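A.B. asks: my questions concern the predicted model and sequence given below.
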Amino acid sequence: MLTVKNLLKKFQVADSELIALNNLSFDVPEGQFLAITGRSGSGKSTLLYQLSLLDKPNEGQISLDNNHLTDFTNEERVSFRRDNFGFIFQDYAVLPALTAKENCMLPLLMQGIEKSIATKKAEAALIRVGLQDKFDNLPSQLSGGQQQRVSIARAIVHNPKILFADEPTANLDTESSKVVLDIFLDLNKNGQTIIMVTHEPEYALLAQRNIELLDGKIIKDIMLERSESKNRARKK
Amino acid sequence: MIRKFLNTLRLDAYVGCFMAVRDLKRANIWTTSLIVFMMALTFFNMILLGGILLGMAEGMIGSFKKVYSANVFITPSLQKNIIEQTDTISTVITSIPGYKAYSKRLTASAKAEYGYQTKIRESDKSESVAATVVGIDPDEENKVTRLSQYVIAGSYLNKGDVDSVVVGKSLLEKYVSGGPPSAQSEKLKDVDIGYRIRLTIGKVEKEVVVVGVIAADNNLVDGRIFMVDNAVRAILGRNDTNINEIAISLNDGVLESDVKNYILNNIGNANDIIVKTSLEAIPSASADITTTFSLLANIVGAIALIVGAITIFIVIYVNAITRRKYIGILKGIGISTQAIEISYVVQAFFYSVLGILIMSLVITVLIQPYFNIHPINLPLGKSNLAITLNDLLSRGLILTVAAIISGFIPARMVAKQNTLDAILGR
């Protein structure tokens, strides 16, 4: 269970202070697929960065299974993120000098997993996202959708407790977006907790829950009926 | 605690190497070649000019030792003009452990003239030059300095040649090419082998025949006139065995300083003589030149090292800056800062070691053999390229360490930046 209490994030812009996240509190139970939506500048990506430990809030508490993540040092945040979180970036963020398989192996090697085991796990993750014939391809040899799938495989290769996705379909065409979202749904069906930021309302409907932000505040927090919402999105 | 630290270090090193190897393998071949070429040139810069300067210095030192002073050199003390007690000294020298040979030299300032035969009036000019006449036992001298090997025209002296001389090439214009006009004016212009010249030592004149010309490529030796010692002694009108110089050669491995101390400890009146090792026997001007050359070699090497270090710093910094976003992603997916730093350090290590190896090969296979065949001719001796394996290793190691530090600093600067700022390019 991910617990967020009174989360506050401020930015200094010139002489004034901009409140990006204003006293947010909510829980994300294990196995939930949460979509965070909102207009541009509403604070949804900022929230994701705080939750995934890529950034540090000014005030408030983030806890995962009784671990107070906001109290961690920088080094602890890096290792906790490596062991417990997976992160999918908007622009794929695959490493250009590494093949698809090596991209997926890297976090495992950093965890101290043997190379042969890391190789098998990376291959399994790539098969899971449908890239069984692209193990040794460099990112430059892959399409945008395929690169995003490599990014997903890298994020799930170590079975993270939470999978964070920052607008994962923003740079993809409709077909590739559907493939990516199908992978998310499949992962979630198998118990994977997912927190996804998206500005596409129809993709948000695929999730079990939708939190909508406006000016750093939660203006809507609703549970969605999975099968209904999925069908609605698919029809589109 | 220590085990945890070592385990973390092992993991960081492994992941760092994993990334570095792939970065290098998949980098643009021309970019990599250019960086390696630049490192090779930096190493070349560190080694070559220093090697030439040190070669000159060593050439001078080696030349003096080879053709002038030998291993140990004895001269009269400043209060004395000559070395007395020659027989006692000779006995001590022959008892030196590791003694090989020695040569006693009797020297005198002289004027050498040619063309005096055709002078009709006292005011008519003849060719003349001031020189040091050195009386030697030709066989003894040959054992110590192998003087006969340096005869470039005519022949070497024989023991009975009381009317013959071997002249250093610097005194004969025919054997000197180039040089300033002022220097050329102090040479005997028309003299060659078989010519008769007149030596004036003090008020005594003697006609002698030039039987050989010496070119030892050492300005001191090449400016001397060699004659059999008995003949010089006769000109000077001396009946004693006193002399002015003793050059002693030793077997390999014998310490010159030990022999110096041995002589001083075993001679009755050590204050009457000055005993020098080959290094101490180098004339002060030449010693100053060698010291200056050594200093210059070190300065040039240090500048080349700084330039090389700055270059690799810039290369790694630009590399790291352009990959700032990827460094952010690496940190975002949980790769430690240390692993990222190691990755860049390994790349810097690769560039420097490859550059050093290539240039070491070029130096040892091409440049050094070329200088051995075509040494630089200097007035004070021949100069080769003074580069040893030890030089290559030590300077290579210094450059590698500098490259590693220069690779580490920019990598650390970039890797320490805020992860999110790096990812978002802020």
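C.D. replies: Arrived safely, thanks for sending.
A.B. asks: dump the C-alpha coordinates for the helix or strand containing residue A:183 into PDB.
C.D. replies: Per DSSP states H and E, residue A:183 falls inside helix A:174-189. Presented in PDB, the C-alpha positions along helix A:174-189 are these (Å, rounded to 0.1, in the frame of the first residue of the first chain):
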ATOM      1  CA  THR A 174      -2.800   4.900 -32.000                       C
ATOM      2  CA  GLU A 175      -1.800   1.400 -32.900                       C
ATOM      3  CA  SER A 176       1.400   1.400 -30.800                       C
ATOM      4  CA  SER A 177      -0.500   3.200 -27.900                       C
ATOM      5  CA  LYS A 178      -3.000   0.300 -27.800                       C
ATOM      6  CA  VAL A 179      -0.200  -2.300 -27.700                       C
ATOM      7  CA  VAL A 180       1.400  -0.500 -24.800                       C
ATOM      8  CA  LEU A 181      -2.000  -0.100 -22.900                       C
ATOM      9  CA  ASP A 182      -2.800  -3.800 -23.500                       C
ATOM     10  CA  ILE A 183       0.500  -4.700 -21.900                       C
ATOM     11  CA  PHE A 184      -0.400  -2.500 -18.900                       C
ATOM     12  CA  LEU A 185      -3.700  -4.200 -18.600                       C
ATOM     13  CA  ASP A 186      -2.200  -7.600 -18.800                       C
ATOM     14  CA  LEU A 187       0.400  -6.700 -16.200                       C
ATOM     15  CA  ASN A 188      -2.300  -5.300 -13.900                       C
ATOM     16  CA  LYS A 189      -4.400  -8.400 -14.400                       C
END
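A.B. asks: relative to helix A:174-189, how tilted is the next helix or strand after that helix?
C.D. replies: Counting by DSSP H and E, the next helix or strand C-terminal to helix A:174-189 is strand A:193-197. Put simply, strand A:193-197 runs at 150 degrees to helix A:174-189, going by axes from the mean of the first three to the mean of the last three C-alpha atoms, to 10 degrees.
A.B. asks: so what are the sheet partners of strand A:193-197 and their directions?
C.D. replies: Strand A:193-197 has its sheet partners listed here by DSSP bridges as strand A:33-38 (parallel), strand A:162-166 (parallel).
A.B. asks: after that strand, next one along is what?
C.D. replies: helix A:201-204.
A.B. asks: for that next one, give the mean pLDDT please.
C.D. replies: Averaged across helix A:201-204, pLDDT comes to 88.
A.B. asks: hmm, who's touching the following helix or strand past it?
C.D. replies: For helix A:201-204, the following helix or strand on the C-terminal side (DSSP H and E) is strand A:209-214. Residues from elsewhere that reach strand A:209-214 (C-beta atoms under 8 Å, 6 or more residues apart in numbering or on different chains): A:26, A:32-39, A:42-44, A:47, A:204, A:218-224. C-beta: built from backbone N, CA, C; applies to glycine.
A.B. asks: hang on, the earlier thing: in the helix holding residue A:183, what's buried?
C.D. replies: A:176-181, A:183-185, A:187-188 (16 or more other C-beta atoms under 10 Å in any protein chain shown).
A.B. asks: and for it, what's in contact with it?
C.D. replies: Here helix A:174-189 makes contact (C-beta under 8 Å, 6+ apart) with A:31, A:33, A:128-130, A:143-145, A:148-149, A:152, A:156, A:163, A:165, A:168-169, A:172, A:194, A:196, A:203, A:206, A:208, A:230, A:233.
A.B. asks: switch to 6 Å and redo it
C.D. replies: For helix A:174-189, contacts defined as C-beta atoms under 6 Å, 6 or more residues apart in numbering or on different chains pick out A:33, A:129, A:145, A:148, A:152, A:168-169, A:194, A:206.
A.B. asks: in three-state terms, label residue B:208 for me.
C.D. replies: strand (DSSP: H, G, I helix; E, B strand; the rest coil).
A.B. asks: so it touches residue B:165, yeah?
C.D. replies: Yes. Residue B:208 is within contact range of residue B:165, at 4.7 Å (criterion: C-beta atoms under 6 Å).
A.B. asks: so for these two, which residue has more residues nearby?
C.D. replies: residue B:165 (25 against 22; other C-beta atoms under 10 Å in any protein chain shown).
A.B. asks: which residues touch that one?
C.D. replies: Per C-beta under 6 Å, 6+ apart, neighbours of residue B:165: B:208, B:210, B:225, B:227.
A.B. asks: make it 8 Å
C.D. replies: Contacts here follow C-beta under 8 Å, 6+ apart; on that basis residue B:165 touches B:133, B:157, B:197, B:199, B:208-211, B:225-227.
A.B. asks: follow-up on the earlier one: of the contacts of helix A:174-189, closest to residue B:418?
C.D. replies: residue A:168 (22.9 Å; C-beta to C-beta).
A.B. asks: for the closest residue to the closest one other than its chain neighbours, list each beta-bridge partner.
C.D. replies: Of all residues not flanking residue A:168 in the chain, residue A:88 sits nearest, at 4.9 Å (C-beta to C-beta, 6 or more residues apart in numbering or on different chains). Under DSSP bridges, the beta-bridge partners of residue A:88 are residue A:165.
A.B. asks: residues near residue A:88, how many?
C.D. replies: Close neighbours of residue A:88, defined as other C-beta under 10 Å, add up to 24.
A.B. asks: let me see the ranges of the strands in the chain.
C.D. replies: Let's take chain A. For chain A, strands defined by DSSP state E occupy the ranges A:2-13, A:16-28, A:33-38, A:59-64, A:67-68, A:85-88, A:162-166, A:193-197, A:209-214, A:217-223.
A.B. asks: oops, wrong one, chain B.
C.D. replies: Ranges of strands within chain B are B:72-76, B:99-114, B:127-136, B:151-154, B:164-168, B:196-201, B:204-214, B:224-228, B:245-250, B:273-277, B:376-378, B:381-383, based on DSSP E.
A.B. asks: middle-most residue in the chain, spatially?
C.D. replies: In the absence of a named chain, this looks at chain A. Closest residue to the average C-alpha location of chain A: residue A:164 at 1.5 Å, with C-alpha atoms, centre = their mean.
A.B. asks: that answer is for a different chain, and I need it for chain B
C.D. replies: Closest residue to the average C-alpha location of chain B: residue B:58 at 1.8 Å, with C-alpha atoms, centre = their mean.
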